[in-house]
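Asker: How does the following fold in three dimensions:
(chains A and B)
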Amino acid sequence: MFSAQQSCWFVRKVICWRAAASIAWAVLLLPPTTAAFIILSRFSILHPFQWISECLSLLTSASAIFSFILLGGVIIIVGFLNLEYYTVIPNIACSKIALLGQLLHPRQFLSSLVHCIMGIIVAWCCAVTIGGRYETLGYPCVESDGSPEMCLNEYHLVLLLAGAFVGFSHSLLGVIHNMNYVSFHTVQRYKYLRFKGSLPLVVKCSATQALYSVRNYIVIYFFLGYIPKTWMCKTLNLHLNSSLHSLDTIAGLLDLCLIYHLWISATFLLFTWYITLVLFRIFVTEVYSFPVQSSFTEDSHQCLPKVITEKQPMILKFLALQDLALLSQHAPLRRSEVFSLSQPGGHPHNWNAISKECLSLLSDLTQRLIVYHDTVATNGRAKPLSTGSERKTSSDTSGDDPFTPKSTPLMKTPASVFTRSVVGGPQSPLTAPFTPDLDSPFASPALRRLTAPVGQCSPWHDTVQSPHIMRRGPKLWSTSTDSHVNGSPQLSPASVPSPKQEVSKPSLLAQFLQNRKEQVKNFLAKRVLIMYLFNKLPEASSQALFADSQAHIWALEGLSYLVQASFSEDRFGVVQTTLPSILSSMLVLQEAVDRHFKLPHASSKPVRSSGTMGDCHYKTLRFALRATLKTAIYRITTTFGDHLSTVQMSAEHRKRLQQFLEYKE
Amino acid sequence: MCSLALFPPPLPSGHTTLCESNNELLSGVNYIFFPQDSSLLSLYFPRESLKLHSRTESSSKAAFLDHSETLWMRSAAAWRDGGFTGLLNEITNSHTEVPKWLSVSSGCTLALLQWVSSFHGSLFPHLTLSSEDMIAEFSQVLNWPDCVVRAFAWHPHTDKFAVALLDDSIKIYNPKSATTPTLKHRLQRSVAAVQWKPLCASALAVACQNCLLVWHVDPCSLSTRPSSGCAQVLSHPGHSPVTSIAWSPSGSLLVSASPMDTAMMVWDVAAENCVPLQRVGGGGVTFLSWSPDGSHVLASTPSLLFRVWETRMWTCERWPCVKGRCQSGCWSPDGSRLLFTVQGETVIYALTFTDAPGKVYTAAAVVADLSETTFNTQDGDITVGGEIQSLAWDPKGERLAVLLKGLVQLIAVFKTRTSPIFELLPCGFVQGEPGAEPRLMQFHPNFQHGALLTVIFTGSISIDPGKSPGSLYRSHR
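Answerer: Presented below is the predicted three-dimensional model:
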């Protein structure tokens, strides 16, 4: 199932082992969880001794061992799915329709199916463990005419279907709440303590989630319960016992004991799966210490300066950046390796590689913000009137104004995020149908430039300093969208491969189609349901813009701490050469971030949702980035103080820096 | 070991300590003596000018006519206001309307709960205090409920400071601007501590009765009343009242402590989420102090125990005390040495932290004895000394100020020396105007010419400029 990732040494050697360790712990935690489940499910206050002895005998029975093996298998599959589906950059659906698209994606469908089947397996184990009336699917009964027959045990069926339903809703909620998103914590703690700290939350979440799921399940079973019942009877040639009343009636479902057993089974199921998820998150986000330089050349690809520039597995880049942020803060010895010169030649290769990558990350974000700001109208909505999903619009926006043949400058900032994550291999292929089609004639070159590898854009980054010039960037491109694309001297190499499609674009037919499309869109915009589905969720585009900002936060921290340390530790002055570009890129980013936060919805705080296992860390990343950026600039200005006056920079930046030196920002 | 007997006697009454020069604390009868460059700033907050809250939150009930509500309504209101115990109380009290078994059983449950909580309270007596009393008990301010200035904080990089007053407002003074913003917020009650965020111009954290507020006061703004939208509210269930806060020196994290909560919260302020650091024992956390190098955090508890956390992986060392709880503590500028005082004892202890492995200290060393000493002055015998309220070490590590609780409330100032061995040397007593008693003190974190001690006397702030200007002192020697 994993193909592209397999090739990377890091995934092979570290991530897989971490996942395996987390699964092993989850399996080891299964016996105590099951024991607790047995004790709670057979709870009877009137016969305490009988209750305890029954539980003990059940725990040692052969069926319990078999259940353990089955449950262990389920945990392993869940853990494997976690490893397969996790992502460090969340998938943010910018409209309802995008969310729907994510839910209906084949890959997601597969995951839902697997969760369903595993839910049934867990529910079967629960049924066997609870015993009594739940134990088997069929039981011998006597028909009205006196002949012995096998009848359908509806209690068993209800429990199995509940397992399937809970598994299914778990996988759906996983998409809605971004449960596959793995966030990194600012507070480092040992794995055991982190696990212990998150245990109450897991218990609370699984209990409440089970309650909601069971409620929904009961409602659905009340209306549609007869379908699986008759189907089971037909296929397995079982009969319905007419002497018992059936369960899809109000009287049948209002059985408190049944509801309790459904709830406790659902809680057990969710608890084991959540535990697996939590353990996976804890293990995978553990700090990994990369060597800064290695004395052996064959290990050089595992060193921090090399690893930090890689794009392939996102997790590798994130862990490398996290390691950079930590080493710059806490490890003087490793810092000195960063500042060191190469032995023959005396070049600061380590520092150059690290600072270049960090700066390119920052300027990438700056550009993204500027392009986004340019395309967003002042009222905070994207210009097209009914923009579909954020990603879908990127191919639609060109039809915004039917009377202008030129396409408006387009941005689709999140597009760059999403294309990046798509590039990242099977980590987030869910976005595939909603990512802009790069070869489509509607896709703007601006977008293409964004999605191009950062390295290729570097001349652009280096030459442009002022945000005013940069702001002009996308407009420049959009004017050159027409036939004279090739004549544009500043053409980014990324847009070269597709000039033919560009040329064919403004044909009559295309214009006609565009006008039609616009009419259809206007028509649809008046329909409430369509508007509901296609309207952008407020804030979501802002969240999507900063979806991978954890990397930028670490880059800022790493750079600023290294620069701070260089004041006393950098013997060769390697940092001095890059200090002007570090300062200017931070200031440019600061300006772009400030401007972004002036947009409506950008500075509104997200609603705290404490009751879910989904990590909402990504919702506040933009605030964290803003705070980190300011602190990073202050860290440099407080360290260097008046020495900064000798650093070369533009007058505008100097003015801005003076504000920081006087503590007026 | 240094003791108070080695100190020069306190000043005669009527004299006010002004500054240290040439190894002596100089005094004056009135404020004429000040050197040119250090302009004196003395603020006076008369108690009468502050509008105090005359009503408490629940007393507004009396203004309305009593009317009968259904049991359901009352139960719901009781659940909302008083939680589970409130609900039980309501059911027990309205025994005429509910079935007998329900009122009896809720009465029994209530009694059981009260018994359990009283048992818990006997283990940790501080839990029975009201939240105001608790703040008063554990605050670093001497006589907190009565003090007009309840908290004070210098900005770590500039010359501005924030003062929290008795009427729950906070004023920000900046010598470079004419406006003094006043911060008021609905949730800003019983302020126990304020602290500015390092490496930031605007963020001010405030420890309140029910939550933690982080104000963002734009230094360029001309507004005198920033709206409450400028404040972030950080709260966590069970984490109130907050009695102590500490920013990490790198400005990234904020820790907060409450005597009611055994967990210490580590806040990622921008993201508004927190990580509770829970440890068994202690019954709460009362006082926090982050070492200037950012490597350790001192967290004292209401019982005979304090912890020192290291901030890489957030593990802690337990340090049991013998006599009382840890009252106050301060770190040396390099973060290698911790001085702390214990309630019920009159000595200062020192603990040393080194990175070198194998050097484990099992006990703290006594570095100063501040037991009662009688001085013979021209006004008669004066007895000085006793328990210690708070400690402050200046950012350069040259002076240590100790706020003494005893009969005569004074500030004793020590000179500190780290080589060849760590030593405290006597310097002198700091005294205010006649009748003014010191309540709170803090060193200016960014004063270039020595150590600048700020003392809050009853009702006013006096900034002692050039209180021991270290450079001056050295040049005169």
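
Asker: near chain A, which residues of chain B?
Answerer: B:155, B:157-158, B:199-202, B:219-220, B:250-253, B:266, B:268-273, B:275-276, B:278, B:312-315 (CB under 8 Å from any CB of the partner chain). C-beta here means a position set from N, CA and C on the backbone, and glycine is covered the same way.

Asker: can we see that at 7 Å?
Answerer: Residues of chain B that fall close to chain A, judged by CB under 7 Å from any CB of the partner chain: B:157-158, B:199-201, B:219-220, B:251-253, B:266, B:268, B:270-272, B:275-276, B:312-314.

Asker: Drop anything exposed from the residues you listed.
Answerer: Listed as buried from the residues of chain B next to chain A are B:157-158, B:199-201, B:219, B:251-253, B:266, B:268, B:270-272, B:275, B:314; burial here means 16 or more other CB atoms under 10 Å in any protein chain shown.

Asker: which among those residues gets closest to B:Leu425?
Answerer: Using CB to CB, B:His157 comes nearest to B:Leu425 of those, at 29.9 Å.

Asker: that older thread, quick check: the two most widely separated of the buried ones among the residues of chain B next to chain A?
Answerer: Every pair of those checked by CB to CB; the farthest is B:Pro219 and B:Trp314, at 32.8 Å.

Asker: Please name the bridge partners of the nearest residue to B:Leu234 once chain neighbours are set aside.
Answerer: Nearest non-adjacent residue to B:Leu234, counting by CB to CB, 6 or more residues apart in numbering or on different chains: B:Leu212, 4.2 Å away. Beta bridges link B:Leu212 to B:Ala207, B:Leu234 when assigned by DSSP bridges.

Asker: got a list of what B:Leu212 touches?
Answerer: B:Ala205, B:Leu234, B:Ser235, B:Val242, B:Ile245, B:Ser256 (CB atoms under 7 Å, 6 or more residues apart in numbering or on different chains).

Asker: again, only this time at 6 Å
Answerer: Shown in contact with B:Leu212 (CB atoms under 6 Å, 6 or more residues apart in numbering or on different chains): B:Leu234, B:Val242, B:Ser256.

Asker: Of those, just say which sits nearest to chain A.
Answerer: Chain A lies nearest to B:Leu234 out of the contacts of B:Leu212, by CB to the nearest CB, at 11.1 Å.

Asker: distance of the closest one from B:Ala207?
Answerer: 10 Å (CB to CB, to the nearest Å).

Asker: In terms of neighbours, single out the busier of the two.
Answerer: Using other CB atoms under 10 Å in any protein chain shown as the criterion, B:Leu234 and B:Ala207 rank with B:Ala207 on top: 28 against 21.

Asker: Quick one, grab the pLDDT at that one.
Answerer: B:Ala207 is assigned 95 on the pLDDT scale.

Asker: Let's verify A:Ser246: helix, strand, or coil?
Answerer: Of the three states, A:Ser246 takes coil under DSSP: H, G, I helix; E, B strand; the rest coil.

Asker: residues in contact with it?
Answerer: A:Ser246 touches A:Gly252, counting by CB under 6 Å, 6+ apart.

Asker: Verify the contact between B:Lys171 and B:Leu183 for me.
Answerer: No. Here B:Lys171 does not reach B:Leu183: they are 7.7 Å apart, not a contact under CB atoms under 6 Å.

Asker: Look at these two and report which has more neighbours.
Answerer: Counted by other CB under 10 Å, B:Lys171 and B:Leu183 do not tie: B:Leu183 has more neighbours, with 25 against 17.

Asker: partner residues bridging that one?
Answerer: B:Ile170.

Asker: was I right about it contacting B:Ile172?
Answerer: No. With contact defined as CB under 6 Å, B:Leu183 does not count as touching B:Ile172 (7.2 Å).

Asker: where does the closest residue to B:Leu304 other than its chain neighbours sit relative to B:His126, distance-wise?
Answerer: Excluding the flanking residues, the one nearest B:Leu304 by CB to CB, 6+ apart is B:Cys321, at 4.7 Å. In this view, B:Cys321 and B:His126 are 15 Å apart by CB to CB.

Asker: So which of the buried ones among the residues of chain B next to chain A are in strands?
Answerer: Of these, the ones assigned to strands by DSSP state E are B:Val266, B:Asp268, B:Val275.

Asker: Out of those residues, the closest to A:Leu244 would be?
Answerer: B:Val275 (52.6 Å).

Asker: Quick check: B:Phe414 is in a helix.
Answerer: No. B:Phe414 sits outside any helix when classified using three-state DSSP, being strand.

Asker: mind listing what it touches?
Answerer: B:Leu400, B:Leu424, B:Cys427.

Asker: Next up, phi/psi of the last one, please.
Answerer: So that's B:Cys427. Backbone torsions for B:Cys427, taken as degrees, to the nearest 10, come to phi -130, psi -50.

Asker: One more: the first one?
Answerer: Its backbone dihedrals place B:Leu400 at phi -120, psi 130, with angles given as degrees, to the nearest 10.

Asker: ok, now which ones touch the spatially most central residue of chain A?
Answerer: The C-alpha lying nearest the average C-alpha coordinate of chain A belongs to A:Pro90 (CA atoms, centre = their mean; 2.1 Å). A:Pro90 is in contact with A:Asn178, A:Tyr181, A:Ala547, A:Tyr618, counting by CB under 6 Å, 6+ apart.
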